[in-house]
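Novice: Mind folding the following:
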Amino acid sequence: MELPVVAGVDGSKGGLRALEWAVSEAARRGLPLRIVHASVWEHFEGVRPGLAVDRPSEQVLAENLVAVSEERARSLSAEVKVTTDIRPEEPVPALLEEADDAALLVMGSRGRGPIAGMLLGSVSLSVAARARCPVVVVRGRGADTQQPPRPGHGRIVLGVGDTAASLAAVRFAFREARSRGCELVAVRAWRGPRHPAVPHSPSNGAQLTTYQRQAEEYVDTALSDVGGDLTRVTVRRKVVRGTAHQTLLEAAGLEDLLVVGARRRHGAVGLQLGQVNHAMLHYAPCPVAIVPDRE
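Specialist: Residues are numbered from 1 along each chain as shown. Now for the predicted structure:
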């Protein structure tokens, strides 16, 4: 059975852009699309499905939202098989359960209501940190406004990390680049050691060259693990001296997809989203894919 691309919709402009992104991704992969809206209307209205009463207003709104989302998806791609569901649950647990049987989960970067002004909605952050499948948070120009996106480079930007958690992210990035027929830019930041009493490193040129070479080796090792896929994608390596989060933010363009990996936390539920992952989810100028390592 083919796992679907799942789009979480909430009626926000960001949710609409996420839906459009999900439709495009499903069409490109040849996968079905599942549109999900998590609604808790019955808990507040005191009505259960199946009872012969007038439908609560929140139920009507949820049904209209899903119907409009389905119509929009079908108008964007007639080839994609679309299914929908309204789940009478809180959004986070509902979407996490959806992620257990999804090829990819796509969400907007902000929600409705009082949290809409935050850099990243609490639902998006919670789901990205705990989902078992890759999660794409659609950020960037037009992600939460009616302003259309500007033409960009259309690249896949991959943040190469230190651990084996990067392998799943590397493979995800290669598949995305291959399906889009675009360039893959593998980015790795490096920094020289600092003297404890001096804010800037006094290291000599030979030492700095060693750290740069180590960073290049990290990239080469990560890319070599994908095997034959490497020859089918145009890859450019970018090793930059600086902090990881700033390097990735500067590397990503408006119309790119930024891919980063995340480790599972031993003895805990969810992933280990470090400072770099958080920075990308809050500030990246483009959609961000959080790819969990494989168990």
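
Novice: From here on, just use CA atoms for contacts and neighbour counts.
Specialist: OK.

Novice: Is E70 in contact with V82, as I believe?
Specialist: Yes. If you go by CA atoms under 8 Å, E70 and V82 touch, sitting 7.1 Å apart.

Novice: Give the residues shared as contacts by these two.
Specialist: I35 (CA atoms under 8 Å, 6 or more residues apart in numbering).

Novice: ranges for the helices of the stretch 101-250 of the chain?
Specialist: Assigned by DSSP state H, counting those that start in this stretch, the helices in the stretch 101-250 of the chain fall at 122-130, 166-180, 205-224, 244-251.

Novice: Which other helices and strands does the last one contact?
Specialist: The contact analysis (3 or more CA pairs under 8 Å, 6 or more residues apart in numbering; DSSP states H and E) places helix 244-251 against strand 184-190, helix 275-283.

Novice: So for that helix, mean pLDDT?
Specialist: Helix 244-251 comes out with an average pLDDT of 93.

Novice: Now it: buried residues?
Specialist: Using 16 or more other CA atoms under 10 Å as the test for burial, helix 244-251 gives A244, H245, T247, L248, L249, A251.

Novice: now do the first one
Specialist: Within helix 122-130, the residues scored as buried using 16+ other CA under 10 Å are S122, V123, S124, L125, S126, V127, A128, A129, R130.

Novice: And the fifth one, how close does it get to E183?
Specialist: Here the distance between S126 and E183 works out to 31 Å (CA to CA, to the nearest Å).

Novice: In terms of mean pLDDT, which of the helices of the stretch 101-250 of the chain ranks lowest?
Specialist: Looking at those, the weakest mean confidence is helix 205-224, a mean of 85.

Novice: Including mean neighbour count, could the helices and strands packed on helix 244-251 go into CSV?
Specialist: CSV is the format used below for the helices and strands packed on helix 244-251 (neighbours: other CA atoms under 10 Å):
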stretch, mean neighbour count
strand 184-190, 23
helix 275-283, 19
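
Novice: which residues does the spatially most central residue of the chain contact?
Specialist: The residue lying closest to the centre of the chain (CA atoms, centre = their mean) is V136, at 2.1 Å. Each residue near V136 by CA under 8 Å, 6+ apart is listed here: L104, L105, V106, M107, P287, V288, A289, I290.

Novice: What's the per-residue pLDDT of S109 here?
Specialist: At S109, the predicted lDDT confidence score is 86.

Novice: give me phi/psi at it?
Specialist: Note on S109: backbone dihedrals following degrees, to the nearest 10 are phi -90, psi -20.

Novice: Verify the stated contact: it with V137.
Specialist: Yes. Between S109 and V137 there is a contact at 5.6 Å, judged by CA under 8 Å.

Novice: any common contacting residues for the two?
Specialist: In contact with both S109 and V137: S124, L281, using CA under 8 Å, 6+ apart.

Novice: Quick check: A27 touching A78?
Specialist: No. Counting by CA under 8 Å, A27 does not reach A78; the two are 9.2 Å apart.

Novice: so where's the stretch 1-150 of the chain uncertain?
Specialist: Within the stretch 1-150 of the chain, the ranges that satisfy pLDDT under 70 run 41-56, 111-120, 141-150.

Novice: quick one, strands of it?
Specialist: Counting by DSSP state E, counting those that start in this stretch, one finds strands in the stretch 1-150 of the chain at the ranges 5-8, 33-38, 82-87, 104-108, 135-138.

Novice: you'd agree D256 is up against G154?
Specialist: Yes. Between D256 and G154 a contact is recorded at 4.8 Å, counting by CA under 8 Å.

Novice: More neighbours: the two, which one.
Specialist: Taking neighbours as other CA atoms under 10 Å, D256 and G154 compare with D256 leading, 21 against 18.

Novice: and that one, what pLDDT?
Specialist: At D256, the pLDDT value in this model is 91.

Novice: Next, give phi and psi for it.
Specialist: Torsion angles, degrees, to the nearest 10, at D256: phi -90, psi 170.
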